[in-house]
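*Asks:* have a look at this prediction, sequence included:
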Amino acid sequence: MGTPAGLLLVDKPPGMTSFDVVRAVRKLAKTRKVGHTGTLDPDATGLLAVAIGGCTKLTRFLLLDEKRYAYTVKFGAATTTDDSTGEVLREAPVEHLTEAVIRAGMEGFLGEIEQVPPVYSAIKVRGKRAHKLARAGEDVEMKARTVWIKELELRSFRRDAWEADFEVRCGSGTYVRSLARDLGEEVGSAAHTTAIRRLSVGLFLLEEAVVLGELTEENLGEHLRTPLQMVQSLGTVEVDEAQAQALRMGQPIEAEAPEGEFLAAHRGDELVAVVYWRGEGDDRRLWPRRVMT
């Protein structure tokens, strides 16, 4: 059997880095052509989309900008990592906190906001990962970046434990730990996350994912989304065999197709190529951007 190709939706367990998951999948798939489509913190759980084989070439065409997370926040203390794995930097009052106070504080976190990423993150500073510099005792200055928060919902508030559960729908580059930290300051306290779970990435849902520990060499193929299913967010154009052959040879084709930056050209259930429009008038044709082999 050849190298499998497809997209694997994994429910990442806690305590593993995203690359740990990639290494595990490489062993099962018996190929080094494996890559994830967006990092999760080691202690975070939930959806991690992993491309295998020739599908690693398709990740750039996926619409993965929107993500959804469920997370728990502990009020009363700020930590070095902005989560429960770090050392306590300072403690702060909590007795004034109510559900109404928290909801009022949340109002400033919708839309485009400026956010400073955690020092303990994979962002590169001076050419090195910020968390490596921090662990080496070096001073790390993180610059604010603009992120997008579409929805932020308070699911519950447990005053006896000073904890709250939230759900957020946000754009790429958003740090949930920073949301927790900044909300703590906004409501006159301090806060950090104790749990983060990713629920969706683009159109891919956690309910569709498989627990990593349940994967075997024998059942891996059963859980793979096909290349065509992988690019489901793109518009599609069905081609005949002659057109498919032309695309495979790097040649343009004429076809009735929708508009869009990129389209999925397929023959039946087989993805032939990701194509794009080029030219004007009578010279306007579909050219292959990425051909599946």
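*Replies:* It's in. Residues are numbered from 1 along each chain as shown.

*Asks:* show me the strands in the stretch 1-150 of the chain, by range?
*Replies:* With DSSP state E, counting those that start in this stretch as the criterion, the stretch 1-150 of the chain has strands at 6-12, 34-36, 45-52, 66-75, 77-79, 88-91, 111-115, 124-125, 128-129, 145-158.

*Asks:* wait, which of the ones you listed is closest to T194?
*Replies:* Proximity to T194, assessed across the strands of the stretch 1-150 of the chain by CB to CB, is greatest for strand 66-75 (4.9 Å). (C-beta placed from N, C-alpha, C; glycine too.)

*Asks:* kindly calculate the angle that that closest one makes with strand 45-52.
*Replies:* Between the axis of strand 66-75 and that of strand 45-52 there is an angle of 150 degrees, by axes from the mean of the first three to the mean of the last three CA atoms, to 10 degrees.

*Asks:* and the residue with the largest distance to the centre of the chain, how close does it get to E256?
*Replies:* The C-alpha centroid of the chain is most remote from D282, which lies 40.2 Å away (CA atoms, centre = their mean). Counting by CB to CB, to the nearest Å, the separation of D282 from E256 is 15 Å.

*Asks:* try R248
*Replies:* The value you get for R248 to E256, if CB to CB is used, is 20 Å.

*Asks:* now do the contacts for the residue positioned nearest the centre of the chain.
*Replies:* Computing the C-alpha centroid of the chain and ranking residues by CA atoms, centre = their mean puts G38 first, at 4.0 Å. If a contact means CB atoms under 8 Å, 6 or more residues apart in numbering, then G38 has S18, L48, A49, L64, K67, S172, V201 as its contacts.

*Asks:* please name the nearest non-neighbouring residue to P42.
*Replies:* Using CB to CB, 6 or more residues apart in numbering and skipping residues adjacent in sequence, the residue nearest P42 is T17, 5.0 Å away.

*Asks:* same check on G250?
*Replies:* Sequence neighbours aside, P288 is the residue nearest to G250 in space, at 6.0 Å (criterion: CB to CB, 6+ apart).

*Asks:* pretty sure the one you found contacts R278?
*Replies:* No - P288 is beyond contact range of R278, at 10.4 Å (criterion: CB atoms under 8 Å).

*Asks:* neighbour count winner among these two?
*Replies:* P288 (20 against 12; other CB atoms under 10 Å).

*Asks:* where's that one, which helix or strand?
*Replies:* Taking DSSP states H and E as the definition, one finds P288 inside strand 285-291.

*Asks:* so which residues of the stretch 151-293 of the chain form strands?
*Replies:* According to DSSP E, counting those that start in this stretch, the strands that the stretch 151-293 of the chain contains are 163-171, 191-201, 204-205, 210-211, 224-225, 235-238, 263-267, 270-278, 285-291.

*Asks:* related to what we said a few turns ago, ok, the contacts of G38 vs A164, which is closest?
*Replies:* Sorting the contacts of G38 by distance to A164 puts K67 at the head of the list, at 20.0 Å, by CB to CB.
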